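# everything below, folded, please.
(2 chains)
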Amino acid sequence: MTPDLIIDIVSGVLLFGGSVFLVIGAIGLIRMPDVFTRMHAASVSDTLGVGLLVLGMIVQAGFTLVTVKLLIILAIFFFTGPLATHAMARAALAVGLEPVLFDRNGRRRRKELELIGEFTSAQRLEPPPGRSAAPKKTAAKRSTAKKSAKKAPVRRKPVSNRGKGGSSSKR
Amino acid sequence: MMFFVAAVAVLVALALAVVRALAGPTVFDRLVAANSIGNGAILLLALFGFLTGRPEFLDIGILYALLNIIGTIAVLKYFRFGDLGHRGGEEPTS
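Purely as a prediction, here's the structure:
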């Protein structure tokens, strides 16, 4: 067993695992029924797929400048992947998309429904108890913002997202 | 050898993401797919560098990663607030 062989084996295993996770994530991106679950599937390939592939390349590269660049890429992925997913899910909820809450027989799933209701009502009501620093200020800001929005004649309607979603106003 | 396998896997993932980007019913589906396509492009760039024995394209990969996140956030902001100059912070509830 020469060191070269060991390096090849380790990096090969890492690269193969990364490829498998990448393809699994892509298949989930196709087959999932819903925007939110699709994000969930895409995050698999964002974290494990990319992470394992880059790790395999690092093992192959050794202690060079290439390793530093790969580590920078890995760090960027680690910080921006969850950020993008979170922003997308939040924007989708705010625009009025609803998660698919029916199982295969058409029954509604109570538990998830309650969770979603809780989330949206908590979002609509006011600041979480954690930040007591400036609740008044935010409330005032919000009311002025509402007033100005009322005054302004043109209020943008949220994108109704082509069919599937429906509006969030009924909750 | 393993790099070739990984490159093929990245190409398969890219093809599936392109299918989702073309078929996705909502804007956010297309955005998720676009994000995946950007990640696949970065990976393919790095793997191609290793395949040809000249892994010097990684700077471009870093740049692509930064542009990817900025583009995603910008498109999200546009579709959520309807305006790129919106100051944000407030939920656009109806």
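
# low-confidence regions, chain B specifically.
Low-confidence segments of chain B (pLDDT under 70): B:88-94.

# excluding its backbone neighbours, what's nearest the one residue in it that gets nearest to chain A?
Closest approach between chain B and chain A, counting by Cβ to the nearest Cβ: residue B:9, at 3.3 Å. Any C-beta I mention is one placed from the backbone N, CA and C, and that applies to glycine too. Of all residues not flanking residue B:9 in the chain, residue A:19 sits nearest, at 3.3 Å (Cβ to Cβ, 6 or more residues apart in numbering or on different chains).

# just the pLDDT at that neighbour, thanks.
The model reports residue A:19 with a pLDDT of 93.

# so it is in contact with residue B:3, correct?
No. Look at residue A:19 against residue B:3 with Cβ atoms under 8 Å: they stay out of range, at 10.2 Å.

# more neighbours: those two, which one.
residue A:19 (25 against 21; other Cβ atoms under 10 Å in any protein chain shown).

# what sits against the more buried one?
A:49, A:53, B:5, B:6, B:8, B:9, B:10 (Cβ atoms under 8 Å, 6 or more residues apart in numbering or on different chains).

# on the three-state scheme, it is what?
Secondary structure assignment for residue A:19 (DSSP: H, G, I helix; E, B strand; the rest coil): helix.

# verify the stated contact: residue A:51 with residue A:73.
No. Counting by Cβ under 8 Å, residue A:51 stays clear of residue A:73, with 10.4 Å between them.

# circling back: distance of the residue nearest to residue B:9 relative to residue A:53?
According to Cβ to Cβ, to the nearest Å, residue A:19 and residue A:53 sit 7 Å apart.

# overlap in contacts of these two?
Contacts common to residue A:19 and residue A:53, judged by Cβ under 8 Å, 6+ apart, are B:6, B:10.

# burial of residue A:60, as a residue count?
There are 21 residues near residue A:60, going by other Cβ under 10 Å.

# isn't there a strand covering residue B:83?
No. Under three-state DSSP, residue B:83 falls outside any strand and is assigned coil.

# returning to what we had before: which of the contacts of residue A:19 fall within strands?
Per DSSP state E, strands hold no members of the contacts of residue A:19.

# now, of those residues, which are buried?
A:49, A:53, B:6, B:9, B:10 (16 or more other Cβ atoms under 10 Å in any protein chain shown).

# would you confirm that the second one contacts residue A:14?
Read that as residue A:53. Yes. Contact criterion Cβ under 8 Å: residue A:53 and residue A:14 qualify, at 7.5 Å.

# please enumerate the helices of chain B.
B:2-23, B:27-51, B:58-81 (DSSP state H).

# in a markdown table, list those helices along with distance to residue A:99.
Output for these, formatted as a markdown table (distance: least, Cβ to Cβ, whole Å):
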| stretch | distance to residue A:99 |
| --- | --- |
| helix B:2-23 | 18 |
| helix B:27-51 | 12 |
| helix B:58-81 | 17 |
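
# can you name the two of the buried ones among the contacts of residue A:19 that sit furthest apart?
Spanning the widest gap among the buried ones among the contacts of residue A:19 are A:49 and B:6, at 9.8 Å by Cβ to Cβ.

# shared neighbours of these two, which are they?
Common neighbours of residue A:49 and residue B:6 (Cβ under 8 Å, 6+ apart) are A:18, A:19.

# which strand or helix spans residue A:63?
Assessed by DSSP states H and E, residue A:63 sits outside every helix and strand.

# list the contacts for residue B:50?
By Cβ under 8 Å, 6+ apart, the neighbours of residue B:50 are A:57, A:60, A:61, B:3.

# er, residue A:37 I mean
A:28, A:99, A:100 are the contacts of residue A:37 under Cβ under 8 Å, 6+ apart.

# could you list the buried residues of the helix or strand the first one falls within?
For residue A:28, the enclosing helix or strand under DSSP H and E is helix A:3-31. Of the residues in helix A:3-31, those buried by neighbour count under the rule 16+ other Cβ under 10 Å are A:11-12, A:14-19, A:21-29.
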